[in-house]
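# Starting from these lines, generate the structure:
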Amino acid sequence: PVAMGYIVGPPKSGKTTFCEGLAFSMAAGAESYLGHSLHLDKRKVILFSLEEFWRNRLQRNQKQIQRLIPPHGKAWLNQNVLTVDETFPRNLLTQEDWALLTQQIELHRPSVGFIDSLSRLYSGSIEDTRVAQSLTRQLRQLVQDYQILLILIHHTPKQLGRPLTIDSIAGSRILAQEADFAIGISKSPSGQRYLKPIFYRYAPEPEEVQLLQFSNDLWLEATGTASETELLVLEDQTPSPDVPEELLDFIEEY
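From the prediction side, this is the model:
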């Protein structure tokens, strides 16, 4: 309940949709999300959406929440879901900008905060150890001061066909060292989305990944489990005996 971690993945993998579904499920009082139990005493969440134009996000969110209204009503929308408006800075580059973030958390006292995305929280290169240290120090301070769960959306380098590992988290190794967890969302070469816990500080990681698909109401739904290794193997990767081995080596390398 008091921690900092990342949701990581390549562009268009479903990171934001995953976080929105998780946030709304927490806020509405749902007992689970994607088949996993939600254990929360306090269900107020705040979303700092710094990437998207607010109207696009609002249209998507209005469609998403329809799934939760029949079982949970509408009161949770006003009581437990907090968002920042279009006047909030899109990049937090100064101490004044960070003060606005802190003020929102101070004012509303959420139990969970989502920030989309980490790249909006710093200037310079995230590969620079000093930049990463300064950033994680400020984020850790927020977690400690307000006793919240802070979830940050972050990207991976080029990922297609590669397993999600701790090295998939773009930037300095400091980012992973200072986090309590990292959960990855990616796609196989055939287009199958999947969710993989990359690491947990306080829990073991499952051996299999969880398969996901988009629903018509813009939720991610779990459809089963599989081995990541098997997912990343293309169906037709058997070399043709007519192709010289040297040519195959060249193709794989480049």
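# All the helices of the stretch 51-200 of the chain, residue numbers only.
Counting by DSSP state H, counting those that start in this stretch, the stretch 51-200 of the chain has helices at residues 54-64, 69-72, 75-80, 95-108, 129-146, 173-177.
# So which of these has the densest surroundings on average?
Highest mean neighbour count of those: helix 173-177, a mean of 18 (counted as mean count of other Cβ atoms under 10 Å). Using the backbone N, CA and C atoms, a C-beta is placed for each residue, glycine as well.
# Nearest to residue 41, out of the helices of the stretch 51-200 of the chain?
Among these, helix 75-80 comes nearest to residue 41, with 12.7 Å by Cβ to Cβ.
# list the helices and strands the closest one packs on?
helix 15-28 (3 or more Cβ pairs under 8 Å, 6 or more residues apart in numbering; DSSP states H and E).
# Please work out which residues outside the helix it packs on touch it.
Counting by Cβ atoms under 8 Å, 6 or more residues apart in numbering, helix 15-28 makes contact with 7-9, 32-34, 38, 40, 43-45, 47, 49, 51-52, 60-61, 64-65, 68, 71-72, 76-77, 80-81, 112, 114, 116, 151, 153, 185, 195, 214, 218-220, all of which sit outside it.
# rank the helices of the stretch 51-200 of the chain by mean pLDDT and give me the bottom one.
The weakest mean pLDDT among these belongs to helix 54-64, with a mean of 90.
# which ones are touching residue 211?
192-194, 222-226.
# Among those residues, which one sits closest to residue 204?
When the contacts of residue 211 are compared against residue 204 (criterion: Cβ to Cβ), the nearest one is residue 225, at 15.4 Å.
# Now do the same for the nearest residue in space to that closest one that is not next to it in sequence: its pLDDT.
Excluding its sequence neighbours, the residue lying closest to residue 225 (Cβ to Cβ, 6 or more residues apart in numbering) is residue 208, at 4.2 Å. The model reports residue 208 with a pLDDT of 95.
# Give me the below-cutoff pLDDT ranges for the chain.
The model of the chain has pLDDT under 70 over residues 234-243.
# where along it do the strands fall?
3-9, 32-33, 36-37, 45-49, 81-83, 112-116, 149-155, 181-187, 193-200, 209-214, 220-226 (DSSP state E).
# now for the second one, which elements pack on it?
This means strand 32-33. helix 15-28.
# Isn't residue 168 up against residue 160?
No: using Cβ atoms under 8 Å, residue 168 is not in contact with residue 160; the gap is 11.8 Å.
# between the two, who's got more neighbours?
Ranked by neighbour count (other Cβ atoms under 10 Å), residue 168 and residue 160 place residue 168 first, with 22 against 10.
# Considering the contacts of residue 211, which is situated nearest to residue 123?
Closest to residue 123, out of all of the contacts of residue 211 and judged by Cβ to Cβ, is residue 193, at 32.1 Å.
# Specify the beta-bridge partners of that closest one.
Legend: beta-bridge partners of residue 193 under DSSP bridges are residue 187, residue 212.
# got the strands of the chain as JSON lines, with distance to residue 137 columns?
Output for these, formatted as JSON lines (distance: least, Cβ to Cβ, whole Å):
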{"stretch": "strand 3-9", "distance to residue 137": "11"}
{"stretch": "strand 32-33", "distance to residue 137": "30"}
{"stretch": "strand 36-37", "distance to residue 137": "30"}
{"stretch": "strand 45-49", "distance to residue 137": "18"}
{"stretch": "strand 81-83", "distance to residue 137": "25"}
{"stretch": "strand 112-116", "distance to residue 137": "16"}
{"stretch": "strand 149-155", "distance to residue 137": "13"}
{"stretch": "strand 181-187", "distance to residue 137": "18"}
{"stretch": "strand 193-200", "distance to residue 137": "20"}
{"stretch": "strand 209-214", "distance to residue 137": "32"}
{"stretch": "strand 220-226", "distance to residue 137": "32"}
